[in-house]
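A.B. asks: Give me coordinates for this.
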Amino acid sequence: MDREEKKTVEKKRIRHARRRKRIKRARNSENHLQNNIAGEKEKAGAKQRQRRNAFNIGSTAVLIAAVCVFVFALYQLVMILFPYYFGGKEYDELKDLAITADEDGEGFSVNFDELLKENQDTVAWIRFDEPSIISYPVVKSTDNEDYLTKTFSDNDNKLGAIFMDMRNNPDFLDMNTFIYGHNMKLGGEMFSQLTEYENEEFCEEHPYFYIYTPDGKVRTYTIFSAGVVKDTAENYEISYQTDEDFENYINTCRESSNYTVDVEVNAQSKIVSLSTCTNVQDDERFLVQGVLTAED
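C.D. replies: You can find the predicted model right below:
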């Protein structure tokens, strides 16, 4: 092989070598690019997985929080309704035990022997024709706080009981006898429906309430005053030094009434004052007052 041929062969070899290097570099670049792409994809996938995991954790946390809120709300509802249900059931059973009457309410009588067996604090039974739900035993304690949260049967319950003011004579011989009961936000039990007497027409249609006592007497009271008063108002005075003081008190009650009732009330009258909360202002009370107009 001559010198020229050797040069030609050498040039080809060099060209081939350079081409192989270029191919190798291109492949290396391609592999590097593919690795970079794969790395970026992996990073993107990792971020996506992180976001998905974070979303799942957040969703789970929200779900758990929602369940907790629901359970708490359900618990609160049960705790609110619990006293109404069991307190109402207790008084219904008491009525079945002690009350006799036909379907129209005629022949209404009270078995005080049964009531006194259950509670020696029993002094009376109060009943309205309407709202007929107001039909309960009346108790009297030495403390006006006792029956705010204790039922007739001595169970702790927010319904409490209908009770006479501790300062009054249990035989209804005082000029003014106060009887108290709760205004329940749900259910309508106790004195809740006294507020029906806000309406003059309702009073005209249902002007009476009745007090039954263990001596067998039935006293009928005609409503002469009904309205909202402050708990510190003169309407809550219970003692009167003179007949004039009592007549002034009666006038005060008539003036605070939502309407005027044409029934005589004077210094010789015996009245009963029924008091409950308004559930509007803490210092407000709804007061319904009746004068004794018949006694059997």
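
A.B. asks: Do you have the helices of the stretch 151-296 of the chain handy? List them.
C.D. replies: Here the stretch 151-296 of the chain has its helices, by DSSP state H, counting those that start in this stretch, at 200-205, 243-256.

A.B. asks: for residue 224, what are its contacts?
C.D. replies: When contacts are counted by C-beta atoms under 8 Å, 6 or more residues apart in numbering, residue 224 is found next to 253-254, 257, 261, 263, 265, 271, 289-291. Where you see a C-beta, it was placed from the backbone N, CA and C, and this is true even at glycine.

A.B. asks: how close does it get to residue 173?
C.D. replies: 19 Å (C-beta to C-beta, to the nearest Å).

A.B. asks: Repeat that for residue 234.
C.D. replies: Taken as C-beta to C-beta, the span from residue 234 to residue 173 is 22 Å.

A.B. asks: So those two - more neighbours on which side?
C.D. replies: Ranked by neighbour count (other C-beta atoms under 10 Å), residue 234 and residue 173 place residue 234 first, with 12 against 9.

A.B. asks: mind checking pLDDT for the closest residue to that one other than its chain neighbours?
C.D. replies: Once flanking residues are discounted, residue 234 sits nearest to residue 252: 5.1 Å by C-beta to C-beta, 6 or more residues apart in numbering. The confidence metric pLDDT takes the value 97 at residue 252.

A.B. asks: returning to what we had before: how about the helices of the stretch 151-296 of the chain in CSV, adding distance to residue 146 and mean neighbour count?
C.D. replies: Formatted as CSV, the helices of the stretch 151-296 of the chain follow (distance: least, C-beta to C-beta, whole Å; neighbours: other C-beta atoms under 10 Å):
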stretch, distance to residue 146, mean neighbour count
helix 200-205, 31, 14
helix 243-256, 27, 16
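
A.B. asks: looking at these, which is closest to residue 41?
C.D. replies: Evaluated with C-beta to C-beta, the helices of the stretch 151-296 of the chain place helix 200-205 nearest to residue 41, the distance being 79.5 Å.

A.B. asks: Flag the shaky bits of the chain, pLDDT-wise.
C.D. replies: 1-18, 23-24, 26, 28-39, 44, 53-56, 58-85, 105 (pLDDT under 70).

A.B. asks: Quick one: end-to-end distance for stretch 193-201.
C.D. replies: Distance across stretch 193-201, first residue to last, is 15 Å (C-alpha to C-alpha, to the nearest Å).

A.B. asks: what's the spacing between that stretch and its chain's center?
C.D. replies: How far stretch 193-201 lies from its chain's middle: 22 Å, per C-alpha atoms, centre = their mean, to the nearest Å.

A.B. asks: In that stretch, which residues are buried?
C.D. replies: 193-198 (16 or more other C-beta atoms under 10 Å).

A.B. asks: Could you pull out the strands in the stretch 101-250 of the chain for me?
C.D. replies: 109-110, 122-128, 135-140, 162-164, 176-180, 208-212, 218-230 (DSSP state E, counting those that start in this stretch).

A.B. asks: what's the closest of these to residue 239?
C.D. replies: Short answer: strand 176-180, nearest of the strands of the stretch 101-250 of the chain by C-beta to C-beta, at 8.7 Å.

A.B. asks: Mind listing residues that contact that closest one?
C.D. replies: By C-beta under 8 Å, 6+ apart, strand 176-180 touches 126, 138, 144, 162-165, 168-169, 191, 236-238, 240, 246, 249, 270-276.

A.B. asks: give the contact list for the spatially most central residue of the chain.
C.D. replies: Central residue of the chain (C-alpha atoms, centre = their mean): residue 185, 5.1 Å from the mean position. Taking C-beta under 8 Å, 6+ apart as the criterion, residue 185 is in contact with residue 279.
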